[in-house]
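1. Below are the sequence and a predicted model; questions follow.
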Amino acid sequence: MNRVLSHAFVFLIVTGITLSSSFAVSRLAIGPSSGTANSTGALAIQFDTTAVIAGLQIDLVFNPLEVEFPDPPTLSAIHESHSINGSVIEAGRYRLIVVALAETPIRSGELATLPIRFKQTIPETSQAVTLSEVMVSNRYGLESSFSFSPFVALNGLTPGMEVAPGQSLPIEAVAFGFESDLQRLEVLINGQLVGVSSSAPFSATWTPIEPGAVLVTAIARDASGQQVIAPGVEVNVPGELLESYDAWRAFFFTPAEQADPSLSGPTADFDKDGTLNIFEFLSGTNPKATERLGDSFEHATINDGGQEFLTLTVVRRSQLGDTTLKAISSNNLAFLDTAEAVPVSFEQLGDFQRITFRDTIPISDTERRFIRVELDYTPSAP
């Protein structure tokens with residue numbers, strides 16, 4: 001009779017003092033509005049918030065001698081999380097009204113793209129359209145912590161575009177409106193850092209290996225330390241998804257390597273980068289290339305009901321197949337007395353997920369708290 005073995009592998013995150021703010025902040029950004037005379041363009045508007053936002057009123061100002069909005073100058077659209085209507089309310093002023101649908105708050109990302117026509121040539125160093133005034137409301141009333149933000153967007157990527165395995169994809173970001181010179185661009189794939197650029201044109205190259213839907217985004221930073229995250233674009237790498245550790249091992253390792261547990265087994269570290277193969281599988285990293293796993297695990301605290309709780313955020317593939325994951329917490333490193341942490345937030349990243357687990361015991365109720373991830377792998381029966 002075959003016996004199925006279950007192994008537990010532990011990645012440890014330890015903290016008891018890290019604090020994070022729960023203060024809600026909302027930011028708005030508009031893209032470049034420059035172009036040649038008698039040409040048309042598209043003005044992108046981005047929104048980023050940590051609050052529950054129910055409505056926005058956005059006023060844009062422009063010179064009617066330089067640019068005009070379509071005639072009739074009315075925009076009406078319904079997005080997944082909100083409806084949006086816009087029109088010229090007076091000479092040189094365009095107003096957008098954005099309203100959340102049902103109980104769904106307005107999501108961060110691109111709110112709208114407004115078509116515009118240039119009557120005169122507007123150089124790249126100038127803006128024909130600028131933000132004037134914004135009113136924001138959430139479920140509690142007026143949202144006071146609101147600021148205008150620089151604009152960052154990925155250039156040349158379209159949602160759903162296919163990128164073949166092994167095909168190099170140049171990723172370039174358009175950044176506008178920073179107070180000081182742009183100094184750094186970080187490119188992330190499913191939340192993992194894959195490239196950094198420190199000089200113009202601020203681009204990086206990514207070469208996909210594993211099949212599946214992939215969320216591409218970027219973080220731009222200027223000389224003052226200000227950073228803005230570009231809205232993600234989901235692209236597709238064709239092929240069969242690797243929905244179990246056994247399928248992942250067969251994809252990355254040769255038959256000879258698969259037959260040797262010291263090379264391809266879950267507790268092995270083939271590339272000697274300090275990350276076990278089972279965690280390379282979990283996070284979608286390459287077991288044959290040194291990579292930084294720290295992007296996949298983040299610890300912090302959150303305030304819930306006036307009390308601070310330890311949290312652990314994990315980036316993991318959506319389908320684990322023969323492997324299960326849970327987060328547990330304890331007041332000692334030996335984890336002799338444990339409690340299972342509860343998931344409190346979820347974000348889909350292509351075929352991966354970002355999940356935040358929260359401890360069940362407040363930090364104030366104990367001298368120390370520890371939290372870790374456990375993976376249980378059940379090998380296929382021979």
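-> Yep, that arrived.
2. pLDDT score assigned to the residue nearest to E243 when sequence neighbours are not counted?
-> Counting by C-beta to C-beta, 6 or more residues apart in numbering, E243 lies nearest to Q319, which is 3.8 Å off, once chain neighbours are set aside. Any C-beta I mention is one placed from the backbone N, CA and C, and that applies to glycine too. Per-residue pLDDT puts Q319 at 91.
3. Kindly report the same for the one 5 residues further on.
-> For T324, the model assigns a pLDDT of 89.
4. hang on, the earlier thing: what about the residue nearest to E243, which helix or strand?
-> Counting by DSSP states H and E, no helix or strand carries Q319.
5. Pretty sure it sits against A247.
-> No. Contact criterion C-beta atoms under 8 Å: Q319 and A247 do not qualify, at 9.6 Å.
6. Could you check how far the residue lying closest to L241 once chain neighbours are set aside is from T254?
-> With sequence-adjacent residues excluded and distances taken as C-beta to C-beta, 6+ apart, L241 is closest to G212, at 5.3 Å. According to C-beta to C-beta, to the nearest Å, G212 and T254 sit 22 Å apart.
7. Mind checking which of those two has more residues around it?
-> Between G212 and T254, G212 has the larger neighbour count (other C-beta atoms under 10 Å), namely 21 against 11.
8. which residues sit in contact with the more buried one?
-> 236-237, 239, 241-242, 350-351 (C-beta atoms under 8 Å, 6 or more residues apart in numbering).
9. make it 6 Å
-> 237, 241, 351 (C-beta atoms under 6 Å, 6 or more residues apart in numbering).
10. how many neighbours does the last one have?
-> Read it as D351. D351: 22 neighbours (other C-beta under 10 Å).
11. what are the bridge partners for E162, then?
-> N236 (DSSP bridges).
12. wait, what's in contact with L169?
-> 163, 206.
13. Apply 8 Å and report the result again.
-> Contacts for L169 (C-beta under 8 Å, 6+ apart) come out as 163, 205-208, 235.
14. From what I see, D359 and R369 are in contact.
-> Yes. With contact defined as C-beta under 8 Å, D359 counts as touching R369 (5.8 Å).
15. what residues are shared contacts of those two?
-> By C-beta under 8 Å, 6+ apart, D359 and R369 have these common neighbours: 310, 329.
16. And these two? Which one has more around it.
-> Taking other C-beta under 10 Å, D359 and R369 do not tie; D359 has more neighbours (25 against 22).
17. Return the per-residue confidence for the more buried one.
-> So, for D359, pLDDT stands at 90.
18. likewise S126?
-> 76.
19. Quick one: low-confidence residue ranges for the stretch 51-200 of the chain.
-> 51-52, 71-80, 102-104, 136-148 (pLDDT under 70).
20. And the strands in it?
-> Here the stretch 51-200 of the chain has its strands, by DSSP state E, counting those that start in this stretch, at 53-62, 67-68, 74-78, 82-90, 93-100, 109-118, 129-138, 141-142, 146-148, 151-155, 169-176, 182-189, 192-197.
21. Between those, which one is closest to D271.
-> Ranking these by proximity to D271 (C-beta to C-beta) places strand 192-197 first, at 15.2 Å.
22. Domains of this protein: list them as residue ranges, please.
-> With domains defined by automatic domain parsing, the chain comprises 26-144, 151-237.
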